[in-house]
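Engineer: Give me a 3D structure for the following:
(chains A and B)
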Amino acid sequence: MPALFFPRRYPPLLRVAVLIVLSVFVSVFSEKHSNIESVSLTMAYPVQWISMQGISFWQRANNYLQSRAALASENVRLRAELIRAQPKLLEADILRNENRQLLALLDSIPQPPGKVAVAQVIAQNFSPGSQLLVVNMGARAGIFVGQPVLATGGVAGQVVSVSPMSSEVALLSDLDSSIPVQPTDSDTPLLVDGRGDIDSLAVPFQPRNTSLKVGDRLVTSGLGGRYPPGLNVGTISAVIHNGDQPFAQIAVRPAVRLGQLSTVLMLWDRPSPQPVVTP
Amino acid sequence: MIAISFIFGFFLALTAEIIPCGPFYALLHPDFVALLLLYWAISGSSELSFTIVWLIGLLQDMVLGDVLGAQAIAGVIMIYLLYTSLGRVRGLPSWEQLFFIFLLLLTHRLLVWLWQAWAGTITWHFSLLLGPLIGALLWPLFTLAFDYLRHTLRPRHI
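Structural biologist: Purely as a prediction, here's the structure:
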């Protein structure tokens, strides 16, 4: 192995020290200039592409090797699910029509529906410090930073950096993640923060005599304008009133099984209606 | 030939670290790149360049989406610590090396964690301890497999 850049005659401790300084410089630089993330995501794409090929090969092999009986039983299960979903679909249609009529009555600005695209997860990094996914859609598919990401059940997270072919999604459980929510039965604005734990989120800064209780469902409130209102976020799984803590500790079980995502939905929300200002 | 297998090995190790196989795998998989670096440093014939270790770490940071420089500096310090006692470690059978490997992998993971904590918030998690432990337990298997690979890939002169 040739000695790159550094001649071997310098003592090893000096070489290590120089590299430590260099790392500090790189870290600070990348924190200051966020477009570095896009560059590094592009650099990482070849490795992620190989990982994606590996997964799809495994899935194809799995499909091929699945027995006829297993396929038949899955077919029966899916058909039953479809029949169960049918009334809900009808109901949704009726509600959509009704909503449109009501909006027309209110003279509201007509809203184009939001768009959704399915993206495949090609890499994951779950460490206590970060809970990130990389998906196989990027700027070329119209992905933008801050885009809401959904999955079966509700909200999964949001896009934090974009490269031409792939983009990085911070899950709700990421330490830096925070999402504005409200309980389904009241308008109390709350936040749900990630704690670096894939199965548990937290509601910060609630007084010890909070009215929130175990089993309350939390949905996005639409405050902040990043997530559309009414999407499932999670259910309160524990409320701990500890005497020596200034706030109640509230744990939330996410609506989406964040650890087992293989496909996610990228949401392009409809443009928010412009407020009409009358003088 | 050695350079090619080196690059190919790191590509594979990186892929193994990011492949989405559920939450348990993601939290508990050993740090394959660090394991490969340790193997290379212990069994390789020539000294590993710190700069190359650093660059590999930087690539790993890019692929994992961590704070840039975290894995890079952890890798360099881990290899430096290994080199301070390389003579002793080399002489040991691989199952006794296991303890050294555990300490080195633990140092690596804690350094990465500290670096992330410096950029964000500190939380403790059991995987900080369990990941290196699993990595160290895999070490004898790892050396066996790689010794075999190196033996079969070596060019033969008749």
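Engineer: and B:V53, what is it in contact with?
Structural biologist: B:V53 makes contact with B:L37, B:A72, B:G75, B:V76, B:I79, according to Cβ atoms under 8 Å, 6 or more residues apart in numbering or on different chains. Quick note: C-beta positions are derived from backbone N, CA and C, even for glycine.
Engineer: can you list these in CSV and add neighbour count?
Structural biologist: Written out in CSV, the entries for those read as follows (neighbours: other Cβ atoms under 10 Å in any protein chain shown):
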residue, neighbour count
B:L37, 25
B:A72, 27
B:G75, 30
B:V76, 26
B:I79, 27
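Engineer: If we check chain A, which of the residues you listed are in contact?
Structural biologist: When the contacts of B:V53 are filtered against chain A using Cβ under 8 Å from any Cβ of the partner chain, the residues retained are B:A72, B:V76.
Engineer: Secondary structure and pLDDT for the contacts of B:V53 - can I get that in TSV?
Structural biologist: Supplementary listing: those in TSV, determined by DSSP: H, G, I helix; E, B strand; the rest coil; pLDDT from 0 to 100:
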residue	secondary structure	pLDDT
B:L37	helix	91
B:A72	helix	93
B:G75	helix	94
B:V76	helix	94
B:I79	helix	93
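Engineer: count of neighbours near A:I94?
Structural biologist: Residues within reach of A:I94, counting by other Cβ atoms under 10 Å in any protein chain shown, total 10.
Engineer: just checking, it is part of a helix?
Structural biologist: Yes. Assigned with DSSP: H, G, I helix; E, B strand; the rest coil, A:I94 falls within a helix.
Engineer: and stretch B:56-70, is it in reach of chain A?
Structural biologist: Yes. When contact is scored as Cβ under 8 Å from any Cβ, part of stretch B:56-70 falls within range of chain A: B:L58, B:L59, B:D61, B:M62, B:V63, B:L64, B:G65, B:D66, B:V67, B:L68, B:G69, B:A70.
Engineer: hang on, the earlier thing: considering the contacts of B:V53, which is situated nearest to B:L138?
Structural biologist: When those are compared for distance to B:L138 (Cβ to Cβ), B:L37 comes out closest, at 14.5 Å.
Engineer: who's in contact with that closest one?
Structural biologist: Residues near B:L37 by Cβ under 8 Å, 6+ apart: B:L48, B:V53, B:I56, B:G75, B:M78, B:I79.
Engineer: So which other helices or strands are in contact with the least confident helix or strand in chain B by mean pLDDT?
Structural biologist: Within chain B, no helix or strand scores below helix B:22-28, which has a mean of 80 by mean pLDDT, DSSP states H and E. Using 3 or more Cβ pairs under 8 Å, 6 or more residues apart in numbering or on different chains; DSSP states H and E as the contact definition, the elements that helix B:22-28 packs against are strand A:115-127, helix B:127-153.
Engineer: Give me the pLDDT value at the residue nearest the centre of chain B.
Structural biologist: Within chain B, one residue has its C-alpha closest to the average C-alpha position: by Cα atoms, centre = their mean, that is B:A34, at 0.9 Å. The model reports B:A34 with a pLDDT of 93.
Engineer: circling back: how far out from the middle of the chain is the least confident helix or strand of chain B?
Structural biologist: The chain centre lies 18 Å from the centre of helix B:22-28; the measure is Cα atoms, centre = their mean, to the nearest Å.
Engineer: Touching that helix from outside, list them.
Structural biologist: Looking at what lies outside helix B:22-28 - Cβ under 8 Å, 6+ apart - the contacts are A:124-127, A:198, A:258-260, B:19-20, B:125, B:127, B:130-131, B:134.
Engineer: Among those residues, the buried ones, what's the PyMOL command?
Structural biologist: Restricted to the buried members of the contacts of helix B:22-28, where burial is judged by 16 or more other Cβ atoms under 10 Å in any protein chain shown, the PyMOL selection command reads as follows:
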select buried, (chain A and resi 124+125+126+127+198+258+259) or (chain B and resi 19+20+125+127+131+134)
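Engineer: and the stretch 151-279 of chain A, which residues reach chain B?
Structural biologist: Applying the criterion Cβ under 8 Å from any Cβ, the portion of the stretch 151-279 of chain A that neighbours chain B consists of A:161, A:168, A:175-176, A:195-198, A:258-262.
Engineer: what is A:A117 paired to in the beta sheet?
Structural biologist: A:M266 (DSSP bridges).
Engineer: still on that earlier bit, ok, now which ones touch the residue nearest to the centre of chain B?
Structural biologist: Applying Cβ under 8 Å, 6+ apart to B:A34 gives the contacts B:A74, B:G75, B:M78, B:L104, B:L105, B:H108, B:G135.
Engineer: can you count the residues close to the third one?
Structural biologist: Right, the one you point to is B:M78. For B:M78, the tally of surrounding residues (other Cβ under 10 Å) stands at 25.
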